[in-house]
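Undergrad: 3D, please:
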Amino acid sequence: MRIPPRLRLGFCAALAIARLAATAAPAAELDRVWRIMPVGDSITAVDGGFGNYRIELAAKLAALPVKFEFVGSRSTKAPHGALRHEAYSGRNAEFLAAHFADWFRANPADIILLHSGHNHTVEENPVPGIVRATEEIIRLARAQNPRVIVLLAQVIPAGKLPKYAYLPALNLELARLAPRLHSPNQPVILVDQATGFDWRTDTVADLVHPNTTGAAKMAQRWFEALQSLRLPP
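TA: A predicted model of the protein is given here:
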C-alpha cells in the first residue's frame, strides 16, 4: 500500500524522534546524580570540634564512577564542595520526624542516611518513641519519593552513662524495624554503626561525638552500604 507523502513525512519525523530518544537515554543515564540526604543530630551535623563522617564519605564516593550529591537545607564546607544535610545539634528523632516532610519536599533525595537516637535520657524510656519517629521519617520520605532508599543506622555507642544506657536496646529494635519496612522496591538497609565503634578510643572528651578515628569508621560503614546497592552510573 502506498503511503501518502504527508503521512510519510509524519512517519519519518516520528521515527527520527524515536531514534533520538533511544540514543539520548544512555547519555542521560551517564549523567545521573544520586542525591544523598544525611539526617540526624550533632553526630551528623558536626557543629563542634569533632570528626565529620560526611567529609570522609565524600572523599570515598568521589573515587567511584557513580556520581553523588549531598542535599539538604544546611551545609558544611569540605574539600569536595559544600556537603549539605538535615542534621540538628541537640535534637532527637521526634524533632526530625516533626519537620522532615518540609525538609524533604524542599530537598528531595534518592538516598537517606539516617542516624538518630541520641538526645534522650535512659529515665525517659525513649526507645519506643524513637522507633515510632524513625518509622514516621521513612513513611514521610516514601510519600514523596516512593522509591527512596533508606540506610538506617544502628547508632554509635556512647560512654556518657547512665544517660545513654538505652542505646543497645534501641539498636536491637532498629534491627527489627529495618526488615519489617524493607521491600525490593522500597529498600531499608540496616547499617551497623555500633559494632567496632569504641567510645573509649573513637570519641572526643565528651564520650559521645566521634573523633577523626570514629568519623572514619562511620564513613567506612556508610560507604560499604552504598557500594552494596550497586547503583548504576
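
Undergrad: can you list the domain ranges for this structure.
TA: The chain breaks down by automatic domain parsing into domains covering 1-31, 32-228.

Undergrad: the last one: end-to-end distance?
TA: Using C-alpha to C-alpha, to the nearest Å, the gap from the first to the last residue of domain 32-228 comes to 18 Å.

Undergrad: and residue 118, what does it touch?
TA: Applying C-beta atoms under 8 Å, 6 or more residues apart in numbering to residue 118 gives the contacts 41, 43, 92, 155, 158, 164, 167, 208. Quick note: C-beta positions are derived from backbone N, CA and C, even for glycine.

Undergrad: tell me the phi and psi of the nearest residue to residue 206 once chain neighbours are set aside?
TA: Counting by C-beta to C-beta, 6 or more residues apart in numbering, residue 160 is the residue found nearest to residue 206 once chain neighbours are left out, at 6.7 Å. Backbone dihedrals for residue 160, given as degrees, to the nearest 10, come out at phi -80, psi 90.

Undergrad: of the contacts of residue 118, which is the most crowded?
TA: With neighbours taken as other C-beta atoms under 10 Å, the top of those is residue 43, carrying 29 neighbours.

Undergrad: ok so that one is a helix residue?
TA: Yes: when classified by DSSP: H, G, I helix; E, B strand; the rest coil, residue 43 is found to be part of a helix.
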